[in-house]
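**Student:** here is my input; please provide its structure:
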Amino acid sequence: MSTPAFGRLLTAMVTPMDERGALDLDAAARLARHLVDEGNDGLVVNGTTGESATTSDEEKAQLVATVLEAVGDRAKVVAGVGTNDTAHTLHLAAQAQERGAHGLLVVTPYYSKPPQNGLLRHFREVADAATVPVMLYDIPGRSGVPIATETLIALAEHERIVAVKDAKGDLWASSHVMRATDLIWYSGDDGATLPHMAQGAVGVVGVTTHVASRAYAAMVAAAAGNDFDTARRIHLDLVPAVDAVMGLTQGAVAAKAALVEQGVLTCATVRGPLPPMEDDQLERLRAGLREAGVL
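**Tutor:** As a prediction, the model looks like this:
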């Protein structure tokens with residue numbers, strides 16, 4: 001059972017901040033080491049869960065360098081560089097590569113809703129300029145436009161576009177792309193990890209993995225080894241945790257609060273417009289984590 005280029009269990013890491021909302025690089029290093037100790041063989045920094053919309057370019061560069069130094073050669077570090085501006089995406093990609101990122105995560109340009117030929121051009125320009133492998137991030141619920149099956153198949157012809165983080169919610173579309181290409185497939189939806197792996201995905205880029213990495217590592221390993229009885233049992237055990245982290249509020253908000261509950265972080269600060277968890281949400285978060293056995 002070979003290990004894919006980016007690993008099998010990747011957490012889309014939150015960006016720790018202090019009480020004033022300033023970047024906390026010491027906490028980021030501790031969190032990165034903790035996640036790798038818990039079974040992650042890859043980390044994504046500066047993704048949506050990392051509050052990339054509200055961190056500066058310099059903060060993004062600092063995070064990549066800090067996490068790389070913290071984990072050394074124990075995990076792959078993939079830098080989120082996608083924006084809705086091709087020129088800015090190219091700048092962030094170059095910056096991340098200069099800091100040593102092992103790969104780039106490029107989300108569908110959001111809000112502007114480019115047509116498919118615009119997506120082709122955008123992703124190809126980034127891949128043409130890249131010196132490391134690229135993972136596409138297909139999440140129409142946030143970006144406003146899907147990467148069409150035909151577009152993904154065409155993009156797979158590029159030598160540096162090697163993987164997809166799939167949060168489209170269309171398993172059948174995923175099947176078509178996996179059947180037609182050699183793209184490495186990752187579930188971008190925590191709750192759909194097992195269904196994705198059943199049809200050929202190699203693992204997950206997750207958020208609930210912040211607080212349940214060991215369980216996810218066991219499930220992914222079981223599914224990769226075709227032990228779907230074990231994988232199914234773990235999948236069902238994780239349902240309360242996924243609902244708690246992904247179903248109550250925005251993922252970064254809940255993940256930070258959950259990490260504080262576990263004692264991994266000391267501060268759950270998020271930057272506006274994201275709000276802190278409300279008291280009733282926090283109680284439901286704790287209940288879900290306890291039911292799943294991770295608190």
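
**Student:** could you use CA atoms for every contact and neighbour count after this?
**Tutor:** OK.

**Student:** give me the pLDDT for residue 1.
**Tutor:** With respect to pLDDT, residue 1 scores 57.

**Student:** hmm, I was thinking of residue 191
**Tutor:** 97.

**Student:** contacting residues for it?
**Tutor:** 235, 239, 242 (Cα atoms under 8 Å, 6 or more residues apart in numbering).

**Student:** doesn't it belong to a helix?
**Tutor:** Yes. Counting by DSSP: H, G, I helix; E, B strand; the rest coil, residue 191 is found in a helix.

**Student:** any idea how far residue 106 is from it?
**Tutor:** 22 Å (Cα to Cα, to the nearest Å).

**Student:** same check on residue 167?
**Tutor:** Residue 167 is 13 Å from residue 106, where distance means Cα to Cα.

**Student:** which residues are in contact with each of the two?
**Tutor:** Counting by Cα under 8 Å, 6+ apart, the residues touching both residue 167 and residue 106 are residue 137.

**Student:** which one's more surrounded, these two?
**Tutor:** Shown here are residue 167 and residue 106; by other Cα atoms under 10 Å, residue 106 has more neighbours (26 against 21).

**Student:** hang on, that one packs against residue 139?
**Tutor:** No. With contacts counted by Cα atoms under 8 Å, residue 106 stays clear of residue 139, the gap being 10.9 Å.

**Student:** between the contacts of residue 191, which is nearest residue 66?
**Tutor:** Closest approach between the contacts of residue 191 and residue 66, by Cα to Cα: residue 242, at 28.1 Å.

**Student:** ok, now which ones touch the closest residue to that closest one other than its chain neighbours?
**Tutor:** Distance criterion Cα to Cα, 6 or more residues apart in numbering; nearest residue to residue 242, sequence neighbours excluded, is residue 208 at 5.9 Å. When contacts are counted by Cα under 8 Å, 6+ apart, residue 208 touches 190, 241, 242, 245, 246, 255.

**Student:** ok, now with 10 Å
**Tutor:** Counting by Cα atoms under 10 Å, 6 or more residues apart in numbering, residue 208 makes contact with 11-12, 189-191, 216, 238, 241-246, 251-252, 254-255, 258, 289.

**Student:** ok, residue 157 next?
**Tutor:** Taking Cα under 10 Å, 6+ apart as the definition, contacts of residue 157 comprise 181, 182, 183.

**Student:** quick one: buried ones out of the residues you listed?
**Tutor:** Among those, those buried by neighbour count (16 or more other Cα atoms under 10 Å) are residue 183.

**Student:** restricted to strands, list the contacts of residue 157.
**Tutor:** Judged by DSSP state E, these include no members of strands.

**Student:** for the stretch 151-295 of the chain, just list every one of the helices.
**Tutor:** Under the criterion DSSP state H, counting those that start in this stretch, the stretch 151-295 of the chain contains helices at 171-180, 193-198, 209-224, 228-237, 239-246, 251-262, 279-291.

**Student:** compare those helices and give me the one nearest residue 130.
**Tutor:** So among the helices of the stretch 151-295 of the chain, helix 171-180 is nearest, using Cα to Cα, at 22.9 Å.

**Student:** now that closest one: how far from the chain's centre is it?
**Tutor:** 20 Å (Cα atoms, centre = their mean, to the nearest Å).

**Student:** show me what that helix is packed against.
**Tutor:** Applying 3 or more Cα pairs under 10 Å, 6 or more residues apart in numbering; DSSP states H and E, one finds that helix 171-180 contacts helix 149-155, strand 184-187, helix 193-198.

**Student:** redo those as CSV? Include distance to residue 71 and mean neighbour count.
**Tutor:** Converted to CSV, the helices and strands packed on helix 171-180 look like this (distance: least, Cα to Cα, whole Å; neighbours: other Cα atoms under 10 Å):
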stretch, distance to residue 71, mean neighbour count
helix 149-155, 31, 18
strand 184-187, 22, 24
helix 193-198, 25, 21
